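>>> Sequence and predicted structure, then a few things I'm wondering about:
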Amino acid sequence: MADDGLAHHRRDPIKSSVGNVAAQRRRQNAVTVGKERRESLVRAKRLCRVGTSGDSEVSIDNDMMIDEEQSILETQASSAVEELKSAVVYQGKGAMQKRVSALRELRRILSRSEFPPIEASLKAGAISFLVQCLSFGSPDEQLLEAAWCLTNIAAGKQEETKALLPALPLLIAHLGEKSSLPVAEQCAWALGNVAGEGDELRNIMLSQGALPPLARMMMPNKGSTVRTAAWALSNLIKGPDPKAATELIRVDGVVEAILRHLKKADEELATEVAWVVVYLSALSNIATSILVKSDVLQLLVERLATSNSLQLLIPVLRSLGNLVAGDSNTSCAILVPGHEITDRVIEVLVKCLKSEHRVLKKEAAWVLSNIAAGSVEHKQLIYSSKALALLLRLLSTAPFDIRKEVAYVLGNLCVAPTQGDAKPNLIQEHLVSLIGRGCLPGFIDLVRSADPEAARLGLQFMELVLRGMPNGEGPKLVELEDGIDAMERFQFHENEDLRNMANGLVDKYFGEDYGLDVSTE
Amino acid sequence: MAMVVDTKFESGFPCWTSVPRRFRPDSPFFASGNIERELLAKQVALDITEDEKHQLENMVVEDARGVCCPIVGCNARLTSLEDFEDHYHARHTASCSVCSRVFPTSRLLSIHVSEAHDSFFQAKVARGYAMYECLVEGCELKLKSYKSRQQHLVDKHKFPTSFEFFKKTYPSKKQRQKTQRRKAIDNKEASSTMEVEDETIDGLVSAVSKLSTSDSTPSSVSFGRRHTRGLTFVPRTVQHQR
């Protein structure tokens, strides 16, 4: 299947004289390795193939390892660790050189392929020797190589990353301002991988004081160290516990640094910083309100307007979305209809809706739906903007997850803000216009989908139509678009909520009297 | 999932409320963007082909979107919404060969065929046998008349009172007016507009035979929607090639 494609892409044919069995094993291995490859690619960890000091005599060999080569690597790893062990123990002349060579050898083995022989290295006891090599006062080269090895070990599976626990305090210590930049960066990288593993390890790192030094590393204007530190920080604060995010926003100079980078940094650095903002705004209300009071919205809008890098646009858009969703002040006080910032926000959201990238379309629609959940003036603003035509088109043509978000926008445009417990009023003008522009089939389509949330949304919109269209046109319109059929589906549906909603509507609007009124046609 | 918590209003229907929706960073809502982040980061280092990238994205997105068919009694598990549609269309739309009405299960189809097209069935009804099955699978109750089955569905299974299993086509307004006029003119002929509620046996039988071939005006509430259009679902768009 597709896995064969993965196995054979860009490889020179392997000279092999073995028969079917071995070939089959190779294929199976390719499948497993292929699966592992996929999983490793979507993990939040990053393998270090080229050193932070720019020393790149390492040839990057991207191809997949098959059976024989993988086991060769494992053997090499074991012997390299053995070498390291004796180098660490050795106290005589040239000890430092010996250690550095042994570390370098191990590092090379761990950097060569996509699947470093982590397990073999751990089995041979690598961690304790590496920790010894991190001791204070060690020469930079030694620290660098040791941290590099640890980085790649931490890029593996959960248990493998956990093995780094003994090394954490030292790695954190070497983030200090007295460390050389390449060393600090390499330690940050290793810590970023550990943080990317899970919240248990994140909590340990936080309690060991990893956050302040990483935050400080993010403050200079430029350099790969700043970028690596920002990335590591984003992994560290991603929660679900908001305490790290709250701690970060309180570090002196962090907000200023974030704003500075969002404004001036190159796209790579801005991307990592934007992810930090994503987590700050999603997790911490304190962070959100501090950010909102700053210039950040303006800067995010600028980036959205000028950049074409998907990598950058995703976190910037999401930060905007989080800020709008998280703090009603944003909508009320800053994104006031009529202010320039508000128009610009709509503009950039339109740009994202037009993008070919699914994630951007979906999340832009989400942001719009939250703005549309604001005041009547906000709804009017969106209604009369360029967004509307786009949204209507997306409702009929886009993939499902985008259509769902668009449905939220359009529905919110038709319903006035909730006031207390009363049933919200319809904005009939918008409803009539949207129906006139053909949005009803799209909603009925959602009713037919397998997703209960979407079906619910569709039914709620149908209720608006049935109740709110003038002259009692609602039922006829719904019937014309096969809405009754769509509702009938729920008669044998297992979801009671949806069953009751659908049955309730049918009962109320398509009862026995339906169609028999005396009004002229 | 950020379901909006609606308050139920007098009708009991949870009306649309316009509220902002916030998601946690680990919410499945953000999953595709998160995946994209990691793929893009590693793409640089590892030079993934476009093909591989698509496979990776599909792999994750589909895992997140696996759906269970919601029809009661159907245990099908589908990996994507497109698959779900195909499944629904194949398994839950059974059409009658006599009158081409469509039903969501073969059981309901067979009930329909017996009740609408089988004179043997009617003969047994005439002799007083309880022939009208309850439509809800597992209930097993049989009733003696269409109406009493109807009542049972409403009382026991909370069906809407206006529900009609047997499609009583609501003729269009013009049709009704025409019929009214004809009735007024032609009193002797009792044949037109026979309603199913007419309990006489003859009435039932002739009503059955008439209704089974009646015209295709849009139905009101009932099962057995006439399959006048090609597809139940609006065809999905082809996804963009990235």
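Sure thing, it's come through.
>>> what about the residue nearest to A:Ser289 when sequence neighbours are not counted, distance to A:Ser284?
In space, and not counting its chain neighbours, A:Ser289 is closest to A:Asp327: 5.8 Å by Cβ to Cβ, 6 or more residues apart in numbering or on different chains. Just so you know, the C-beta spots here come from the backbone N, C-alpha and C atoms, and that holds for glycine as well. A:Asp327 sits at a distance of 11 Å from A:Ser284 (criterion: Cβ to Cβ, to the nearest Å).
>>> Give me the more crowded residue out of the two.
Between A:Asp327 and A:Ser284, counted using other Cβ atoms under 10 Å in any protein chain shown, the more crowded position is A:Ser284 (24 against 21).
>>> got the contact list for the more buried one?
Counting by Cβ atoms under 8 Å, 6 or more residues apart in numbering or on different chains, A:Ser284 makes contact with A:Pro242, A:Ala245, A:Thr246, A:Ile249.
>>> low pLDDT regions in chain A?
Applying pLDDT under 70 to chain A flags the ranges A:1-35, A:37-38, A:53-68, A:515-521.
>>> give the contact list for the residue sitting nearest the centre point of chain A.
When Cα atoms, centre = their mean is applied to chain A, the residue found nearest the centroid is A:Pro315 (7.5 Å). By Cβ under 8 Å, 6+ apart, A:Pro315 lies in contact with A:Thr271, A:Ala274, A:Trp275, A:Val277, A:Val278, B:Arg37.
>>> name the element the residue nearest to the third one when sequence neighbours are not counted belongs to?
In this structure, A:Trp275 finds its nearest non-sequential neighbour in A:Ser234, 4.1 Å apart by Cβ to Cβ, 6+ apart. Here A:Ser234, judged by DSSP states H and E, is contained in helix A:224-236.
>>> Now the helix or strand following that helix: buried residues?
Downstream of helix A:224-236, the next assigned helix or strand under DSSP H and E is helix A:243-249. Residues of helix A:243-249 classed as buried: A:Ala244, A:Ala245, A:Thr246, A:Glu247, A:Leu248, A:Ile249 (neighbour count, 16 or more other Cβ atoms under 10 Å in any protein chain shown).
>>> And stretch A:402-421, by the same measure?
Using 16+ other Cβ under 10 Å as the burial criterion, the residues of stretch A:402-421 that qualify are A:402-418.
>>> Between the two ends of that stretch, how far is it?
31 Å (Cα to Cα, to the nearest Å).
>>> would a markdown table of the contacts of A:Ser284 with distance to chain B be doable?
Listed next are the contacts of A:Ser284 as a markdown table, based on distance: Cβ to the nearest Cβ, whole Å:
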| residue | distance to chain B |
| --- | --- |
| A:Pro242 | 10 |
| A:Ala245 | 9 |
| A:Thr246 | 14 |
| A:Ile249 | 15 |
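>>> Tell me the one among the residues you listed nearest to A:Ile153.
Lowest distance from A:Ile153 to the contacts of A:Ser284 (Cβ to Cβ) belongs to A:Ala245, with 27.8 Å.
>>> residues in contact with the closest one?
Going by Cβ under 8 Å, 6+ apart, A:Ala245 touches A:Ile237, A:Gly239, A:Tyr279, A:Leu280, A:Leu283, A:Ser284, A:Ala287.
>>> Repeat that for A:Ala287.
Contacts of A:Ala287 by Cβ under 8 Å, 6+ apart are A:Ala245, A:Thr246, A:Leu248, A:Ile249, A:Leu280, A:Ser281.
>>> redo that, cut-off 10 Å
A:237, A:242, A:245-250, A:254-255, A:276-277, A:279-281, A:322-323, A:326 (Cβ atoms under 10 Å, 6 or more residues apart in numbering or on different chains).
>>> can you pull the contacts of the residue nearest to A:Trp275?
Counting by Cβ under 10 Å, 6+ apart, A:Ser234 touches A:44, A:192, A:195-196, A:271-280, A:315, B:37.
>>> Which of those sits closest to B:Asp26?
Using Cβ to Cβ, A:Tyr279 comes nearest to B:Asp26 of the contacts of A:Ser234, at 10.2 Å.
>>> Helices - which of the contacts of A:Ala245 land there?
Mapping the contacts of A:Ala245 onto helices (DSSP state H) picks out A:Tyr279, A:Leu280, A:Leu283, A:Ala287.
>>> Would you mind measuring from the third one to chain B?
Right, the one you point to is A:Leu283. 6 Å (Cβ to the nearest Cβ, to the nearest Å).
>>> ok, that residue to A:Pro240 distance?
Taking Cβ to Cβ as the measure, A:Leu283 falls 8 Å from A:Pro240.
>>> Equivalent analysis for B:Cys69, please.
B:Cys69 sits 32 Å away from A:Pro240 when distances are taken as Cβ to Cβ.
>>> So for these two, which residue has more residues nearby?
More neighbours surround B:Cys69 than the other of B:Cys69 and A:Pro240, with 18 against 11 (other Cβ under 10 Å).
>>> For that one, which non-adjacent residue is spatially closest?
B:Ala76 (4.1 Å).
>>> same question, A:Leu388
Using Cβ to Cβ, 6+ apart and skipping residues adjacent in sequence, the residue nearest A:Leu388 is A:Ile382, 7.0 Å away.
>>> what helix or strand does that neighbour sit in?
Secondary structure from DSSP H and E places A:Ile382 in helix A:376-383.
>>> Which SSE is immediately downstream of that helix?
Downstream of helix A:376-383, the next assigned helix or strand under DSSP H and E is helix A:387-397.
>>> what packs against that following helix?
Helix A:387-397 sits against helix A:340-354, helix A:358-371, helix A:376-383, helix A:400-413, helix A:428-436, helix A:440-447, with contacts defined as 3 or more Cβ pairs under 10 Å, 6 or more residues apart in numbering or on different chains; DSSP states H and E.
>>> re earlier: give me the buried entries from the contacts of A:Ala287.
Among those, the ones that count as buried by 16+ other Cβ under 10 Å are A:237, A:242, A:245-249, A:254-255, A:276-277, A:279-281, A:322-323, A:326.
>>> shaky segments in chain B?
B:1-11, B:43-66, B:72-73, B:81, B:93, B:100-102, B:104, B:160, B:162-163, B:167-242.
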